[in-house]
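*Asks:* Structure, please.
(one chain, ligands or ions: 1)
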Amino acid sequence: MKANEAVQLFFDRAADKLDLPESHRTLLKTAKREVTVEIPLEMDDGDLQVLIGYRVQHNNARGPMKGGLRYHWEVDLDEVRALASLMTWKTAVVNLPYGGAKGGICVDPRKLSRKENERMTRKFVDQIHEIVGPDQDIPAPDMYTNAETMSWIRNQWEKYHGFNPACITGKPVENYGAKGREEATGRGCGILAFKLLQRRGHNPRETRVAIQGFGNVGSHAAKYMSESEFRIEAISDISGGYYRKGGLDIPAALKHVLQHGSLAGFCGGDKISNEELLALDVDMLVPSALGGVITEANVDNIKAHYIIEGANGPVNAPADQKLFDRGVVVLPDILANAGGVTVSYFEWVQNRQFYSWDLNRVRQQLDGVLTAAFEDVWQEAQHHNVSLRTAAFIIAIRRVHSAMFLSGL
Ligand code: NAD
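*Replies:* Have a look, this model is predicted:
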């Protein structure tokens, strides 16, 4: 199942509960604008590579569009389209004054030098600068893009439009970024995992966790959760998985990644594959790497009772239904990983006010936004007797739908 088809299925389950007519569904599902651009990239050795980049702007009924930029060899228009619409539903479910967008370049960034990466990023901005900006569409980091990438984007965008750091979020803290932005998505996963356990009367200390992906989201989720005394028994990245019954030493794993760039060679646990990690006998899974990792093919192997979707779209629609039928609680991506866009919003607010918040304020406000959204989604799920995902989509669709119709089509 393609990524966008899965999102549409989730949408339709919620739209059925809202009795939305077909024409309204089409309006809400269809992207406002989809842009595909050619990026001619001069390599360090003088060779020419021609890459394809995308920016999909899904909906702006509730405010400027917001969404990350991904550099990955599997990026295509279908995936970017799916991720752009997820951003619309995500910003709505946490009630931020934003719409949704997403961008990406189909490239293996691990094979580029830093200079090649910078040239590619600047060329991409040359192609899309007219349709992005602080009041239109504000990009942010996603897979294989980071604060440095955001700095290049800002610098290139400002060459056309003049000084305006609110044109992008996820910038370095010393260069108009927000304190707490880098940790926000993973921290948000941890905060919400804790709230979910509380609701179900369970205790972090008795909760065995496996986290897939140890980049921005996975590593910060691991850090926050280990500090909150969850028992993290497995972690992984592209080099494979590492398992230790009773719990891994997360500070040691974080230090290893800082020194070596990945988990490869980490000796704190037994080596397992990413597929084995998903099937471990643990209580909670936090898939925080790629989309589409839990599908019809492996859903029957899943033993966890909770899944916290750190990544976007890690569970596809048929697998999601099976998990619901089995009583597995899935905290959906549009809520679970919304901490990142929430602190991006705080960064944008600070940039527009030329005023910087301290870390405590960022963390407190993040906690407040996520707690309110969690309570809304939990109540909605009880009310309709549906999964947390369907409940989150119901809330989001209701908000976007009413914004579209209140302002006139
Ligand atoms: P990242 O590039 O920082 O980290 C990705 C991690 O996944 C790395 O540890 C990498 O080794 C691992 N990985 C890559 N391929 C893998 C594979 N085949 N098997 C196992 N691990 C693999 O990316 P990130 O920013 O942490 O994003 C991860 C996910 O979270 C993505 O789905 C992204 O869309 C989503 N997300 C990120 C943010 C954010 O603020 N960064 C916000 C919301 C959602």
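*Asks:* Looks like T295 contacts M1 (just checking).
*Replies:* Yes: assessed by Cβ atoms under 8 Å, T295 is found in contact with M1 at 7.4 Å. Placement of C-beta: from N, CA and C, glycine included.
*Asks:* so what sits against both of the two?
*Replies:* Any residue near both T295 and M1 by Cβ atoms under 8 Å, 6 or more residues apart in numbering counts here, and that gives N316, P318.
*Asks:* Okay, and the residue of the stretch 51-200 of the chain found nearest the ligand sits in which element?
*Replies:* Evaluated by Cβ to the nearest ligand atom, the stretch 51-200 of the chain has T185 as its residue closest to the ligand, separated by 3.7 Å. Assessed by DSSP states H and E, T185 sits inside helix 181-199.
*Asks:* go on, T145?
*Replies:* With DSSP H and E as the test, T145 turns up in no helix or strand.
*Asks:* Counting neighbours, what do you get for it?
*Replies:* Applying other Cβ atoms under 10 Å, we find 26 residues neighbouring T145.
*Asks:* picking that back up, rounded mean pLDDT for the helix holding T185, please.
*Replies:* Averaging pLDDT along helix 181-199 gives 97.
*Asks:* cool, stretch 237-254 as well?
*Replies:* Average pLDDT, stretch 237-254: 97.
*Asks:* mind checking the SS state of the closest residue to L51 other than its chain neighbours?
*Replies:* Among residues not flanking L51 along the chain, I39 sits closest, at 4.3 Å (Cβ to Cβ, 6 or more residues apart in numbering). Assigned with DSSP: H, G, I helix; E, B strand; the rest coil, I39 falls in the strand class.
*Asks:* Now for I39: which residues touch it?
*Replies:* Residues touching I39, when contacts are defined by Cβ under 8 Å, 6+ apart, comprise V50, L51, I52, G53, I105, M120, K123, F124, Q127.
*Asks:* Now do the helix or strand containing the last one: which elements does it pack against?
*Replies:* Using DSSP H and E, Q127 sits in helix 114-128. Packing contacts for helix 114-128, counted by 3 or more Cβ pairs under 8 Å, 6 or more residues apart in numbering; DSSP states H and E, involve strand 33-42, strand 48-59, strand 99-106, helix 147-161.
*Asks:* is the ligand contacted by that helix?
*Replies:* No: against the ligand, helix 114-128 shows no contacts by Cβ under 6 Å from any ligand atom, the least distance being 13.2 Å.
*Asks:* Please work out which residue of the chain is closest to the ligand.
*Replies:* At 1.7 Å from the ligand, G215 is the closest residue in the chain, using Cβ to the nearest ligand atom.
*Asks:* Next up, phi/psi of that residue, please.
*Replies:* Dihedral angles of G215 (phi, psi; degrees, to the nearest 10) stand at phi -90, psi -140.
*Asks:* ok now do it, which residues does it touch?
*Replies:* Per Cβ under 8 Å, 6+ apart, neighbours of G215: M143, D237, S288, A289.
*Asks:* thought N117 was touching P109?
*Replies:* Yes: with contact defined as Cβ under 8 Å, N117 and P109 form a contacting pair (6.0 Å).
*Asks:* Find the residues that touch each one of these two.
*Replies:* With Cβ under 8 Å, 6+ apart, N117 and P109 have common neighbours Y71.
*Asks:* Quick one: neighbours of W357, just the number.
*Replies:* For W357, the tally of surrounding residues (other Cβ under 10 Å) stands at 19.
*Asks:* For the nearest residue to it once chain neighbours are set aside, the count of nearby residues, please.
*Replies:* Excluding its sequence neighbours, the residue lying closest to W357 (Cβ to Cβ, 6+ apart) is Q350, at 5.9 Å. Q350: 21 surrounding residues under other Cβ under 10 Å.
*Asks:* Q350 and G177 touch, don't they?
*Replies:* No: applying Cβ under 8 Å, one finds Q350 not in contact with G177, separated by 9.2 Å.
*Asks:* which residue sits farthest out from the middle of the chain?
*Replies:* In the chain, counting by Cα atoms, centre = their mean, G46 sits farthest out from the average C-alpha position, at 35.4 Å.
*Asks:* ok, that one - contacts?
*Replies:* Applying Cβ under 8 Å, 6+ apart, we find G46 in contact with no residue.
*Asks:* which element is it on?
*Replies:* Using DSSP H and E, no helix or strand contains G46.
*Asks:* Looks like the residue of the stretch 51-200 of the chain closest to the ligand contacts G339 (just checking).
*Replies:* Yes: T185 is within contact range of G339, at 5.0 Å (criterion: Cβ under 8 Å).
*Asks:* Show me which of those two is the more surrounded one.
*Replies:* G339 (31 against 28).
*Asks:* quick one, what contacts the more buried one?
*Replies:* Contact analysis of G339 by Cβ under 8 Å, 6+ apart lists A184, T185, G186, R187, G188, C189, I191, L366, L370.
*Asks:* By neighbours, which of these wins?
*Replies:* C189 leads the contacts of G339 on contacts (other Cβ under 10 Å) with 33 neighbours.
*Asks:* my read: it touches S288, true?
*Replies:* Yes: checked against Cβ under 8 Å, the pair C189 and S288 is within contact range at 7.2 Å.
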